[in-house]
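# The sequence isn't on hand, but the structure is:
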């Protein structure tokens with residue numbers, strides 16, 4: 001990517017903007033970025049743990065970023081939006097706005113929804129998460145541990161250890177430069193995996209997930225589906241079979 005930036009070839013690639021889950025980090029997809037960068041100029045949204053933006057403010061921030069930053073590079077390059085979990089809600093809303101704005105500098109080349117939280121209202125996280133936000137402060141950490149099975153499976157810890165010790169690297173980490181990249185990110189993990197304060201969890205479950213899910217279910221998805229059809233915008237929905245957080249397979253069928 002550095003060489004491409006220097007020789008100008010990076011600016012000729014389509015743009016891929018990744019919108020994360022409600023943790024606001026790139027921890028979930030970081031192993032995929034080197035392979036994705038062979039075809040795309042990859043960008044990633046990051047949101048700090050102290051952020052108290054409303055759902056509408058987050059959406060507008062993404063739209064402003066697309067208009068100012070991505071437009072500065074080359075408005076003719078197609079923009080691909082990839083949203084994971086909560087980012088799937090946000091990507092749906094942003095795509096709906098972009099397809100409504102015929103003057104948008106960045107044409108929407110495609111939309112990717114990965115385990116989208118458009119089904120949050122029917123999820124295990126919605127059933128269990130709000131109770132943790134109401135616990136006394138001294139019980140909060142224990143409450144978070146009770147939510148952990150929603151985000152992991154019996155193989156997660158073992159797989160992570162194999163990756164971090166370089167004993168079992170993913171197939172996409174297949175060159176020395178990609179191994180070096182993975183090592184740099186792995187070293188920075190302690191600074192990226194921030195503890196989510198109780199107030200932040202409460203805010204994001206309510207102001208982000210609940211509000212966003214309600215908005216997409218009542219209005220946006222119907223509008224977006226029609227716009228995607230009329231503009232022939234490619235759309236991909238990815239669902240994890242072992243997703244315990246959201247009913248992702250059921251939601252993928254519904255979408």
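That came through, no problem. Note that this is a predicted model, so its numbers are computed, not measured.

# Where does pLDDT dip in the stretch 1-150 of the chain?
For the stretch 1-150 of the chain, the stretches with pLDDT under 70 are 1-9, 70-75, 102-106.

# In contact with the nearest residue in space to residue 201 that is not next to it in sequence, which residues?
Leaving out its chain neighbours, the residue that sits closest to residue 201 by C-beta to C-beta, 6 or more residues apart in numbering is residue 133, at 5.4 Å. Where you see a C-beta, it was placed from the backbone N, CA and C, and this is true even at glycine. Neighbouring residues of residue 133 by C-beta atoms under 8 Å, 6 or more residues apart in numbering: 198, 201, 202, 205.

# Out of those residues, name the ones that lie in helices.
Under the assignment DSSP state H, the contacts of residue 133 contribute 198, 201, 202 to helices.

# Now rank those residues by neighbours and give me the top one.
Neighbour counts for the ones in helices among the contacts of residue 133 (other C-beta atoms under 10 Å) peak at residue 201, which has 20 neighbours.

# and that one, what does it touch?
129, 132, 133, 144.

# can you pick the most crowded of those?
residue 129 (24 neighbours).

# Surely that one is in contact with residue 205?
Yes: using C-beta atoms under 8 Å, residue 129 is in contact with residue 205, at 5.1 Å.

# which sections of the stretch 151-255 of the chain are below the confidence cut-off?
In the stretch 151-255 of the chain (pLDDT under 70), the answer is 153-194.

# where do the strands sit along it?
235-238 (DSSP state E, counting those that start in this stretch).

# now the strands for the stretch 1-150 of the chain?
15-19, 41-44, 79-84, 108-114.

# So which elements touch the last one?
Which is strand 108-114. Applying 3 or more C-beta pairs under 8 Å, 6 or more residues apart in numbering; DSSP states H and E, one finds that strand 108-114 makes contact with strand 79-84, helix 86-100, strand 235-238.

# now the longest one, how far from the centre of its chain.
Yep, that's helix 86-100 we're talking about. 12 Å (C-alpha atoms, centre = their mean, to the nearest Å).

# and what of the shortest one?
In terms of C-alpha atoms, centre = their mean, the centre of strand 235-238 is set 13 Å apart from its chain centre.

# residues of that strand that come out buried?
residue 237 (16 or more other C-beta atoms under 10 Å).

# before we move on, what about the second one?
Neighbour counts over helix 86-100 (16+ other C-beta under 10 Å) mark 86-99 as buried.

# and if you look at stretch 208-219?
208, 209, 210, 211, 212, 213, 215, 216, 217.

# end-to-end on that stretch?
16 Å (C-alpha to C-alpha, to the nearest Å).

# Check what contacts it and list those residues.
By C-beta under 8 Å, 6+ apart, the list of residues contacting stretch 208-219 reads 22, 54-55, 58, 86, 89-90, 92-93, 117-121, 125-126.

# Mind doing that once more with 7 Å?
Under the criterion C-beta atoms under 7 Å, 6 or more residues apart in numbering, residues 22, 55, 86, 89, 90, 92, 93, 117, 118, 120, 121 lie in contact with stretch 208-219.

# Ok, stretch 16-28 next?
29, 36, 40-48, 51, 62, 79-87, 90-91, 192-193, 204, 208-209.

# residues near residue 115, how many?
Residue 115 has 26 nearby residues by other C-beta under 10 Å.
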